[in-house]
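1. 3D, please:
(chains A, B and C)
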Amino acid sequence: MRVLKILMVFLLSVTLCFTFGVSSSMAADSVKVGIVLPLTGAQAKFGEVEKLSFDLALEEINAAGGINGKKLELLIEDDTGRPDVGRSVVEKLITKDKVVLIGGGYSSSVTYAVAGVCQQNAMPFLVNTGSADKITTSGWDWIYRLNPPVSHYADAVESLLVQVIKPKTVAILYENSLFGTKGASSFEKTCKRLGIKVLLKQGYEHGGIDYKPVLTQIKRHNPDIIYMVSYIMDASLLMKQSREMKLTPKMFVGGAAGFTLPEFVDNAGKASDKVISATLWHQVLPFPGAMDYYNKFVAKYNRPTEYHGAEAYAACYVIADVLKRTKSFKNTDIKKALSETDMMTVFGPVKFITWGKMKNQNKAATYVVQWIDGKLEMVWPEESKTKTFNYPVDWLKVWGY
Amino acid sequence: MMKKNLTLIILGIVCLVFPLVVRSDYYQHLAIIAFIWVVVGSSWNLLAGYTGQVSFGHAIFFGIGAYTAGIFATKLGISAWWGMMFGGIVAMLIGLFVGWVCFRLRGPYFALGTLAGGEVFRLIATNWESLTDGMVGILIIQSFRSKLPYYYIALLLAFACVYAIHLIMKSKWGYYFVSIRENQDAAESLGINTLLYKNVSLLVSSFFTGMAGAFYMNYMAFIDPEVVFSLHYISIMAILVGIVGGVGTIMGPAVGAFIMVGVQETFRSSFFGLAPGWISQGHAMAFGLLVVFVIMFLANGVVGDWSKIKRYVFRIKPSSVS
Amino acid sequence: MDVLIQTLVAGVLIGGIYCLIGIGMSLIMGVMGIINLAHGQLMMVAMYITFVLSSYMHVDPYFSLIVAMPALFLLGCFLQKYLLNPLMKVDSILPENQVLMTVGIGMVIAEICRFIFTSDYKTVKTSYGGEAFFIGNISFNVPMCIAFIFAVVITLILFWFLAKTDTGRSIRATAQDKEAATLMGVNSTRITIITFGLGSALVASAGSLLIPIFYLFPDIGGPFTLKAFVICILGGLGSTAGAIFGGLTLGLAESLGATYIGMGYKEMVGFVIFIIALVFLPGGLVGIKRLIKS
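-> Now for the predicted structure:
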C-alpha cells in the first residue's frame, strides 16, 4: 500500500535526522587527532607498521601525562589505498569527528588528495610518509611534512654512486603510481646531472607476474646499475626474476619503499642479498630513542620495524609536542605551533622550513642500507655504517650458482 | 494514481529540505553520492533494463565525463563546471564509437565487449600521461566550501535524468526500446530500426552518465584512472544499483542507489560506530550477498518485485489493485 | 635475437597456465552459455587451499593439485546446482541473470577469503621457487616449466575424457545442442552441474600451478577472469582446442607487447586483441576454420 511507502520515507528521514545528532562517543577531556593510513588494500603492510608505531607512541605519550593532562586520542581511519576514499575519510574526520589535526598519509597519491582537502578546510596536516614533491611544492600553507620528498630519497645513494660505484649507465624501472613515477623522474634528473646515461626507463603497472621481457631488454643494454622504485611484491619479483635471468649489473639499487621491508627478504630470499636501497632511517642512527624504539617495537609486536614505522612514531611525538605548545586548539594556533616546531625525535631533528621550492618541509637526511645475510645493514654514509658496504658483488656466487 | 503522486511529492519535499534540516556535512556527502548513483544507475537501466543491452562498461562514460571536466580545468584553464556540459557531449561521442564496436554483439558478448572497453579506457587514461597525468590524477580546487550548492546541483541532475527517462519511456521510443529487449529480431522484422534505437538509448545513457562523471570531478575535486574508470567501483556498482533497485522500472535505480550507498557506508563506518571494527570490511560481502539474494528471489529488484516484498515481509495480501 | 627468443619462451610458458584458465571457462560457456565472472575467484580459492596445505602441512604445491582440483570440482557443482540452475526457472526481465549471479558469487567468495586470510600477500615458498636453468643464453624458470608440463598433461587428459568417456561425450553433445542432447537421453541438469565442476577444477589447477611463481591475495581473481574471456573469445566459445590457441596467443601477445611496446601497455594488448576478436572474429578460431571450409 502506498501509505506504507509514505510511512517508510518519513521514518527514513526522521532516522537520518536523529543519527546525525548522535555524535561519536567523546570524552570531554581528550584531544582528537585524525590519522589517515592504508589499513587494507595493496599497501596494508606499510599502513600496519605505521599504525602499530602510532599506537606505541600514543601509549607512551598518554602514560606520561598526555597533552597537559588531557588524553591524546588518535582516530585512525582506513584510506584503503584509494585517494577518493582518503578524501571522504578526511572530510568525515574534519566535519563529523571534529579533529584538531590530521596526521599520517602513506601513499603519495592518497596523501596528495587528502592534502587538497585539508588545505581547503584550513586543517593542519602533518604528513609523515607521502613523499611526492607536489605535496609541499604546491604552496599549501596548511600542509607540513616530516619526511623528505622523494626527489631527495636518493641523496645518500648519489654520494655512494659518485664516490664508490662510479657507474656510467643506468636502467630505471618503476611502478607507475605517483610515488614510483616521481621517484623515477627525480633519479633520472640526478643521473643527468652526474653524467650517468639512462639507457632505459620503464614504468609498469603493479601486479605483474612476469618481468622477464623488460629484464631481458635491460640485460641486452647491460647497464652498470639498475634502479628500481617499487612497493612490496613487485620488488621481490623483480629481484627473483633478475636472479633467474642471471642479470648482473654492478649493483641493484632500490628506491626505498618495498626494498626495505622485511617482506622483501622473506619473499625474495637469496635474490635479496646484497641489494642496496635508499632509506630514510635506521635504528643505529645517533638519534635519542632510535634503538629504544626499535627494541620496544620488536618486543611488543614480534616483528621488525623500519623507516615507515619510525616516521609514524616520530610524527606522533611531534603532534603531541605541537598540541602541548599550542595556545588553543583553534586551527590557526595549531598551525602557528607547527611552524614553531624545533625538536629532536627518533627520526632525527624536526623543523619545518621553506627550502628549494618547498614549504613547511622538514630537512631530513637519507642513508643507504644493504641486505647482508638477511639483515638490513646501514652502509652509507661511512660515519653511520654498521657494516662495510659489500662491493663489488659477485652476483652469481651470492645467488648460489 | 493520486497516492503515487503524493508519495513522489513528499519525496521531493524531503529531498529539497534535507540539507537544511540535516546540517552535517557527512550526511549531505552521502546524499550527494547517492544522487550521483541515481543518475548512473538510471542511465544504465535505460540501456540495459529497458533496451536489453547489458553494459558492463558504464565506467567508460563516467570516466570520460570526469576527465573532460578535469582536463578543461588543468590543461585548458577553464572552470571544470564547463566540463559538465561538455562531459555529457564527449561521453555521447565516445558512446557512438562504443556502440559502433559493440552493438554488433548480442547479449553476453555485448557485456564482455563493454567490459573490455572500460578497461581499455582505463589503461589509456593511465598511460596517456601528457593528457591525463596518468596515475597522478587530476586535482582541482572545489568551487564551493559548503556542500549545499553541490547537493542541489546533484539533486537537479538526478531529477532531470529520472524525469527524462520517464518521458522517454512514455513515448514511442520507450516502446521501441522494450521491443528490442524482448526480441530484437522480431522488432527488426516489424520495421523498427533496432540499430538506430539502440544507439539512441546509448546516447541518452552515456550523456547523463558523462554528466554525472563531470559532476564527480567538480565535487570530489580529485580523480585518477583507477577511480573513475574502475570496473569494480563504477561499472559493476552501476549494475548493482540497477538490479537491486529494479531493472526496467523508473524509480528502481533511484531506490537502488540509496540502498547501496546506505549499505556501503553503514558497513564502512562499522554501523555508525555501533559494531566492532572488523565489520567495516564487510560491505563488499554484504553487496555480494545482496546480489545473490536479489537475483534469486527479487529478480526485478526492490521496486519491481515490491508486491513480493509486501507479501513476504509485510504480510500484506494482495487484496485489491493498488 | 636473444631478446626475441626469451620473450617467446616467456610467452609460451605463461600461455600454458592461461590455457588451463581459459579451457575451464570455455567449457562452461559452451555448455551453459554462462559467462562465469567468478572464474578468477574460484582460482583464488584453489590458491588459498594450496597455500594452507603448504604452510601448515608442508605439502608441495604440485601435490596439492590432488586436493585442490577435487575440492573445486565439488564447489563448482554446488554453485551450479543450488545457485545457478534455479535461475533458469526464475522469471525476470533481464536475461543476463546468471552472469550477474556469478558476479555476486565471486564477491562473496573473495570476501570470505579476505575475512579468513586478510588482505595480506601470501606466498608459497618452494626450494625450486626461483630456480632457472639455461639453454644457451635463454633462462627457463623452473616452476613455470613444470606448470607448462602439467598444463599439457591435464589438457590431454581432458581431451581424452571429452572424446572417449560417456560423460565427456554427453558434455560435448549438450554444448552443441542442449535440446537434442536431452532428447537423446542426456540428463542436461546433471551435465551442467558436472561441467561447472569440471571448469572449476581446471581453473583450480591453474591456480595451484601459478602460486609458486606469483603471490596470492583476495583480489587476485579479477584480472584472471578478464584474461579468461580474452582467451575464450580468441579461441571460440566451447572449443577446448580453441582455448589452447587463445591461451598461447594471449601469453605471446602480452610478452611481445611488454618487450617491444612497453610494460605499461602489457594489459592493454590483451584487451585490444579481445575487442578486435569480438568484432571481427565472433566465432573465434573455430569460426575462422568454418569460414575457410565453406
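2. quick one, what contacts residue 231?
-> Picking chain A for this. By CB atoms under 8 Å, 6 or more residues apart in numbering or on different chains, the residues touching A:Y231 are A:A42, A:Q43, A:F46, A:E175, A:S177, A:F179, A:G180, A:H206, A:A257, A:G258. For every residue, glycine as well, the C-beta is placed using N, CA and C.
3. if you could check chain C rather than the one you did, that'd help
-> Shown in contact with C:I231 (CB under 8 Å, 6+ apart): C:Y18, C:C19, C:I21, C:G22, C:M25, C:S26, C:A243, C:G246, C:G247, C:T249, C:L250.
4. mind listing which of those residues are in helices?
-> Among those, the members found in helices (DSSP state H) are C:Y18, C:C19, C:I21, C:G22, C:M25, C:S26, C:A243, C:G246, C:G247, C:T249, C:L250.
5. can you report how many residues lie near the fourth one?
-> By the measure other CB atoms under 10 Å in any protein chain shown, the count of residues near C:G22 is 33.
6. from A:K240, how far out is the residue nearest to A:L194 when sequence neighbours are not counted?
-> Spatial nearest neighbour of A:L194, excluding adjacent residues (CB to CB, 6 or more residues apart in numbering or on different chains): A:V162 at 6.4 Å. Distance from A:V162 to A:K240, counting by CB to CB, to the nearest Å: 30 Å.
7. for these two, indicate the residue with more neighbours.
-> A:K240 (23 against 13).
8. how about the one helix or strand the more buried one maps to, does it reach chain C?
-> Applying DSSP states H and E as the criterion places A:K240 in helix A:232-245. Yes. Residues of helix A:232-245 contacting chain C under CB under 8 Å from any CB of the partner chain: A:I232, A:M233, A:L237, A:K240, A:Q241, A:R243, A:E244, A:M245.
9. other SSEs contacting that helix?
-> helix A:212-221, strand A:225-229, strand A:251-254, helix A:262-268, strand C:132-135, strand C:138-141 (3 or more CB pairs under 8 Å, 6 or more residues apart in numbering or on different chains; DSSP states H and E).
10. closest point of the stretch 301-401 of chain A to chain C, which residue?
-> Residue of the stretch 301-401 of chain A nearest chain C, by CB to the nearest CB: A:W399 (8.7 Å).
11. quick one: contacts for that residue?
-> Residues in contact with A:W399 (CB under 8 Å, 6+ apart) are A:R243, A:K246, A:K270, A:A271, A:D273.
12. just give me the closest of these to B:V39.
-> A:A271 (50.1 Å; CB to CB).
13. check the closest one and give its pLDDT.
-> With respect to pLDDT, A:A271 has a value of 89.
14. around chain B, pick out the residues from the stretch 151-300 of chain A.
-> Selection of the stretch 151-300 of chain A residues close to chain B by CB under 8 Å from any CB yields A:N176, A:S177, A:L178, A:T181, A:E205.
15. now tabulate those residues in TSV and tack on pLDDT.
-> What follows is these, written out as TSV (pLDDT from 0 to 100):
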residue	pLDDT
A:N176	82
A:S177	81
A:L178	81
A:T181	86
A:E205	81
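16. looking at those residues, which are in helices?
-> A:L178, A:T181.
17. pull the most distant pair out of the residues of the stretch 151-300 of chain A next to chain B.
-> A:L178 and A:E205 (13.5 Å).
18. more neighbours: which of these two?
-> Under the criterion of other CB under 10 Å, the comparison of A:L178 against A:E205 puts A:L178 first, with 28 against 19.
19. grab the nearest non-local neighbour of the residue of the stretch 1-150 of chain C found nearest chain A.
-> Across the stretch 1-150 of chain C, the shortest distance to chain A (CB to the nearest CB) belongs to C:A132, at 3.8 Å. Leaving aside its sequence neighbours, C:A132 sits nearest to A:E244 (CB to CB, 6+ apart; 3.8 Å).
20. isn't the one you found up against C:Y128?
-> No. Using CB atoms under 8 Å, A:E244 makes no contact with C:Y128, being 11.2 Å away.
21. so the two - more neighbours on which side?
-> When neighbours are counted by other CB under 10 Å, A:E244 and C:Y128 differ, and A:E244 comes out ahead with 25 against 12.
22. how about the most centrally placed residue in chain A, what does it touch?
-> The centre of chain A sits closest to A:T129, judged by CA atoms, centre = their mean, with a distance of 3.2 Å. By CB under 8 Å, 6+ apart, the residues touching A:T129 are A:F46, A:E50, A:G104, A:G105, A:Y106, A:T111, A:N147, A:H308, A:E311, A:A312.
23. contacting residues around residue 138?
-> I went with chain A, as the question did not name one. Shown in contact with A:S138 (CB under 8 Å, 6+ apart): A:A115.
24. if you could check chain C rather than the one you did, that'd help
-> Each residue near C:I138 by CB under 8 Å, 6+ apart is listed here: C:D2, C:I5, C:Q6, C:V9.
25. in three-state terms, label the second one for me.
-> Which is C:I5. helix (DSSP: H, G, I helix; E, B strand; the rest coil).
26. and stretch A:274-293, what's buried?
-> Going by neighbour count (16 or more other CB atoms under 10 Å in any protein chain shown), the buried part of stretch A:274-293 is A:274-283, A:285, A:287, A:289-290, A:293.
27. same deal with stretch A:315-332?
-> A:315-326, A:329, A:331.
28. which strands and helices sit next to the longest helix belonging to chain B?
-> What stands out as the longest helix in chain B, according to DSSP H, is helix B:194-220. Here helix B:194-220 touches helix B:25-45, helix B:59-75, helix B:82-102, helix B:148-170, helix B:172-182, helix B:184-189, helix B:225-228, going by 3+ CB pairs under 8 Å, 6+ apart.
29. the last one and chain C in contact?
-> It refers to helix B:225-228. No. Shown here: helix B:225-228 not in contact with chain C (CB under 8 Å from any CB), separated by at least 11.7 Å.
30. which ones are touching the residue nearest to B:A59 when sequence neighbours are not counted?
-> In space, and not counting its chain neighbours, B:A59 is closest to B:I234: 3.8 Å by CB to CB, 6+ apart. By CB under 8 Å, 6+ apart, B:I234 lies in contact with B:V40, B:H58, B:A59, B:F62, B:G63, B:G118, B:V228.
31. show me what from the stretch 1-150 of chain A comes close to chain C.
-> A:T40, A:G41, A:A44, A:K45.
32. B:H232: neighbour count?
-> Residues lying near B:H232 (other CB under 10 Å) number 14.
33. tell me the contacts of it?
-> By CB under 8 Å, 6+ apart, the contact list for B:H232 reads C:G222.
34. if we can go back for a sec, find the pair from the buried residues of stretch A:274-293 with maximum spatial separation.
-> Farthest pair in the buried residues of stretch A:274-293 (CB to CB) is A:K274 and A:G289. Separation: 30.2 Å.
35. ok, back up a step: and the furthest pair within the contacts of A:W399?
-> Among these, A:K246 and A:D273 lie farthest apart (CB to CB), at 15.0 Å.
36. between these two, who's got more neighbours?
-> Set A:K246 next to A:D273 and count neighbours by other CB under 10 Å: A:D273 wins out with 21 against 15.
37. buried sites along stretch A:122-141?
-> A:123-136, A:138, A:140.
38. same question for stretch B:144-164.
-> For stretch B:144-164, by 16+ other CB under 10 Å, it's B:K147, B:Y150, B:Y151, B:I153, B:A154, B:L155, B:L157, B:A158, B:F159, B:C161, B:V162, B:A164.
39. on that earlier part again, isn't the residue of the stretch 1-150 of chain C closest to chain A up against A:L247?
-> No. Here C:A132 lies out of contact with A:L247, judged by CB under 8 Å, at a distance of 11.1 Å.
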